[in-house]
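> Here is the input, now give the coordinates:
(chains A and B)
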2 protein chains.
Amino acid sequence: MTGARERLDDKRRTVEGALDAGLAGEDSVLLRAMRHAVLSGGKRFRPLLLLCSAERFDGGRGLELSFACGIELIHNYSLVHDDLPAMDDDDLRRGRPSVHKAFGESVAILAGDALLTLAFEVMAGAACPDGLAARKAEAMVLIARAAGLRGMLGGQALDIGFRPGNETEAAYEELTARKTGALIAAAAEAGAVLGGAPEGDRARFAAFGKTIGLAFQLRDDLDDAGQEDARAEFRPNEAAFLGAARSRAKLAGLLESALTGLEASGLLSEELRALALSLEPPG
Amino acid sequence: MTGARERLDDKRRTVEGALDAGLAGEDSVLLRAMRHAVLSGGKRFRPLLLLCSAERFDGGRGLELSFACGIELIHNYSLVHDDLPAMDDDDLRRGRPSVHKAFGESVAILAGDALLTLAFEVMAGAACPDGLAARKAEAMVLIARAAGLRGMLGGQALDIGFRPGNETEAAYEELTARKTGALIAAAAEAGAVLGGAPEGDRARFAAFGKTIGLAFQLRDDLDDAGQEDARAEFRPNEAAFLGAARSRAKLAGLLESALTGLEASGLLSEELRALALSLEPPG
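Sure, this is the predicted structure:
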């Protein structure tokens, strides 16, 4: 397991380097805002999931790093827009001022837009080995769908209408499946597609990613609830709704089910296991 | 010339139909906001320019309609975000309430994001005839670059810092070249790329699009200045800076130069001429 964690750290450094290089260029307030949003020590969960999934097949033959960066840029743009005053109105992100706090609201809107645009520039611009154009286009469509109206953005729109009082576990699960789960599921599935997985294995990675996405959000909720006192405003979430004990049990069950599913098909790697288990609650 | 205008109208109807079909699906507030933004009678200048440019070569063999829609979706998302209170704070767009006026600010942010995401889903998902994958990827990169940090969004960030007092004709031209010109130039160039234009012709279409983009903004400025009394707040623009007479002369010169450039290489069509001349000021 130590070796797996080290290999994940190596991959994380590779992604960090590629993101930094992709965000180079003539200095401007817009570029500074984009760099502030992206190069601030995220976990890089989605790109790692994509890379580890691709690795279970032929790896993606060079396409995978561009797509890992693309999906992380999409995740980061969504945080910038999510933090805006008209949305969650968060002043802090990863312990630093959110982009609109540091650069103003209009620059934050444009920086989010520019990160989303860059994500697709990077994916479309990835050098494509002979015969891999279909994989490349398919992975891009899959990620765009997961990020859009029927995935993440649809989930965020649902979230706006979500008010304490109409909460049920099922409603939280539907919300999470779209708001957080869709892009994480797309990371696993796109990795499999880029690696050239056969249809059945691709579906297994999609299912794995979907379950991991629910676990990811539950872990995030638990962390939020733990910091409740430190926050200006605590927003209701599934972990608070279920209570800590049930949430922990549910999270453990999700991880178990995700890992068992892949293992049964011989598709699990030590790195995928370590990545999933990084979602276990501390203590 | 009548025939050319009719053929442009045919193309416009085709684009409208494809946009409408691309924005179908399960009813939701987010989808309604996206439809409100796009299906409201725009001129469809960029998609027409792309289609007419592709037609000077092999047409794009089916890719061109998806890219025409993609570039129009990008243009429309940019208007939604441009109108936001933190940006230009416009209550009206094409004579109707802007998206944030009709649906609220948070839905407008998400709707803009979803249109931008859909643009790339539509382009990446276009059925690709054998051997055309490189054209397709190249056109997508070209459009993403024109829409991003170094193009349209960079121009909008410049615009935020643009204050009356530091105006020069050159500063306006630089601003326009990025804010408006880049995406219009990309429409012409992407059309040529999709049609399989040889390198030199591709550059000629890029230059044509660039000049047409400057003309487009000048015409837009002139229209704005004409409606000055009707607007809550008049923002400085190049036409107001130059004055009506000089602006009209400059606009005529830009159109003349753009058309002459293409005609000299035998690349002009009656439709491209009619499209360019639609930018002539009335009267």
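> Are we agreed that A:G41 is in a strand?
No. Checked against DSSP: H, G, I helix; E, B strand; the rest coil, A:G41 lies outside a strand; its state is coil.
> how near is the nearest residue to it once chain neighbours are set aside to A:D20?
Nearest residue to A:G41 in three dimensions, chain neighbours excluded: A:R94, at 6.0 Å (C-beta to C-beta, 6 or more residues apart in numbering or on different chains). Just so you know, the C-beta spots here come from the backbone N, C-alpha and C atoms, and that holds for glycine as well. To A:D20, A:R94 is 16 Å away according to C-beta to C-beta, to the nearest Å.
> How about residues contacting stretch A:97-105?
By C-beta atoms under 8 Å, 6 or more residues apart in numbering or on different chains, the surrounding residues in contact with stretch A:97-105 are A:29, A:32-33, A:36-37, A:80, A:83-85, A:90-93, A:96, A:107-108, A:111-112, B:86.
> then it to PDB, C-alphas only?
C-alpha atoms of stretch A:97-105 as PDB (Å, rounded to 0.1, in the frame of the first residue of the first chain):
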ATOM      1  CA  PRO A  97      -9.400  33.900  -0.300                       C
ATOM      2  CA  SER A  98     -11.800  32.700  -3.000                       C
ATOM      3  CA  VAL A  99     -11.100  34.100  -6.500                       C
ATOM      4  CA  HIS A 100     -13.800  36.800  -6.300                       C
ATOM      5  CA  LYS A 101     -12.500  37.900  -2.900                       C
ATOM      6  CA  ALA A 102      -8.900  38.200  -4.300                       C
ATOM      7  CA  PHE A 103      -9.700  39.500  -7.800                       C
ATOM      8  CA  GLY A 104     -13.300  40.900  -7.700                       C
ATOM      9  CA  GLU A 105     -16.500  39.400  -8.900                       C
END
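> quick one: stretch A:18-29 near chain B?
Yes. Applying C-beta under 8 Å from any C-beta of the partner chain, one finds stretch A:18-29 touching chain B at A:25, A:28-29.
> which residues sit against that stretch?
Counting by C-beta under 8 Å, 6+ apart, A:31, A:34-35, A:38-39, A:65-66, A:68-69, A:72-73, A:103, A:107, A:118, A:122, B:149-150, B:154, B:157, B:161 sit against stretch A:18-29.
> Return the distance of the residue nearest to A:G41 relative to A:L8.
19 Å.
> Give the buried residues for stretch A:40-48.
A:42, A:44-48 (16 or more other C-beta atoms under 10 Å in any protein chain shown).
> Just to check, A:L194 is in contact with A:L142?
No. Applying C-beta atoms under 8 Å as the test, A:L194 and A:L142 come out as separate, 9.9 Å apart.
> higher neighbour count, these two?
A:L194 (30 against 25; other C-beta atoms under 10 Å in any protein chain shown).
> Centre of the chain to stretch A:50-58, how far?
When C-alpha coordinates are averaged (C-alpha atoms, centre = their mean, to the nearest Å), stretch A:50-58 and its chain have centres 16 Å apart.
> quick one, strands of the stretch 1-150 of chain A?
In the stretch 1-150 of chain A, the strands defined using DSSP state E, counting those that start in this stretch lie at A:92-93, A:96-97.
> Take the ones you listed and write them to CSV, including distance to A:S53, mean pLDDT and mean neighbour count.
Shown next, in CSV, are the strands of the stretch 1-150 of chain A (distance: least, C-beta to C-beta, whole Å; pLDDT from 0 to 100; neighbours: other C-beta atoms under 10 Å in any protein chain shown):
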stretch, distance to A:S53, mean pLDDT, mean neighbour count
strand A:92-93, 27, 92, 17
strand A:96-97, 30, 96, 14
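> Could you find the closest non-adjacent residue to A:F45?
Per C-beta to C-beta, 6+ apart, closest to A:F45 is A:F216, 6.8 Å.
> Show me what counts as buried in the helix or strand where the one you found lies.
Element membership for A:F216, per DSSP states H and E: helix A:199-226. For helix A:199-226, burial by neighbour count (16+ other C-beta under 10 Å) applies to A:201-202, A:204-222, A:224-225.
> Around chain B, which positions in the stretch 101-250 of chain A sit nearby?
Going by C-beta under 8 Å from any C-beta, the residues of the stretch 101-250 of chain A near chain B are A:105-107, A:109-110, A:112-114, A:116-118, A:120-121, A:124-125, A:128, A:133-134, A:136-137, A:140-141, A:144-145, A:147-150, A:153-154, A:156-157, A:160-161.
> Point out where the stretch 101-250 of chain A drops to low pLDDT.
Along the stretch 101-250 of chain A, the parts satisfying pLDDT under 70 run over A:226-234.
> Return the residues in contact with the residue of the stretch 151-283 of chain A found nearest chain B.
Chain B sits closest to A:A157 of the stretch 151-283 of chain A, with a gap of 4.1 Å, by C-beta to the nearest C-beta. Residues in contact with A:A157 (C-beta under 8 Å, 6+ apart) are B:28-30, B:107, B:110.
> If we use 6 Å, what do you get?
B:30, B:110 (C-beta atoms under 6 Å, 6 or more residues apart in numbering or on different chains).
> Can you tell me the element it falls in?
Using DSSP H and E, A:A157 maps to helix A:152-160.
> and that helix, how far from the chain's centre?
Using C-alpha atoms, centre = their mean, the offset of helix A:152-160 from its chain centre is 15 Å.
> ditto for stretch A:29-40
Distance, centroid of stretch A:29-40 to centroid of chain: 18 Å (C-alpha atoms, centre = their mean).
> tell me, how many neighbours does A:K250 end up with?
A:K250: 17 surrounding residues under other C-beta under 10 Å.
> what about it, which helix or strand?
Residue-wise, A:K250 maps onto helix A:244-264 under DSSP H and E.
> Now do A:G17 against A:A111, distance only.
21 Å.
> of these two, who's got more company?
A:A111 (30 against 12).
> Quickly note the distance from the residue lying closest to the more buried one once chain neighbours are set aside to B:R163.
In this structure, A:A111 finds its nearest non-sequential neighbour in A:A33, 3.8 Å apart by C-beta to C-beta, 6+ apart. Counting by C-beta to C-beta, the gap from A:A33 to B:R163 is 20 Å.
> all helices in chain A, in order from the N-terminus.
All helices of chain A, identified by DSSP state H, fall at A:2-22, A:29-38, A:45-55, A:63-82, A:99-103, A:105-124, A:133-147, A:152-160, A:169-176, A:182-194, A:199-226, A:238-242, A:244-264, A:270-277.
> could these go into JSON lines alongside distance to B:E256?
Shown next, in JSON lines, are those (distance: least, C-beta to C-beta, whole Å):
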{"stretch": "helix A:2-22", "distance to B:E256": "41"}
{"stretch": "helix A:29-38", "distance to B:E256": "35"}
{"stretch": "helix A:45-55", "distance to B:E256": "50"}
{"stretch": "helix A:63-82", "distance to B:E256": "41"}
{"stretch": "helix A:99-103", "distance to B:E256": "42"}
{"stretch": "helix A:105-124", "distance to B:E256": "33"}
{"stretch": "helix A:133-147", "distance to B:E256": "41"}
{"stretch": "helix A:152-160", "distance to B:E256": "44"}
{"stretch": "helix A:169-176", "distance to B:E256": "57"}
{"stretch": "helix A:182-194", "distance to B:E256": "49"}
{"stretch": "helix A:199-226", "distance to B:E256": "55"}
{"stretch": "helix A:238-242", "distance to B:E256": "64"}
{"stretch": "helix A:244-264", "distance to B:E256": "65"}
{"stretch": "helix A:270-277", "distance to B:E256": "61"}
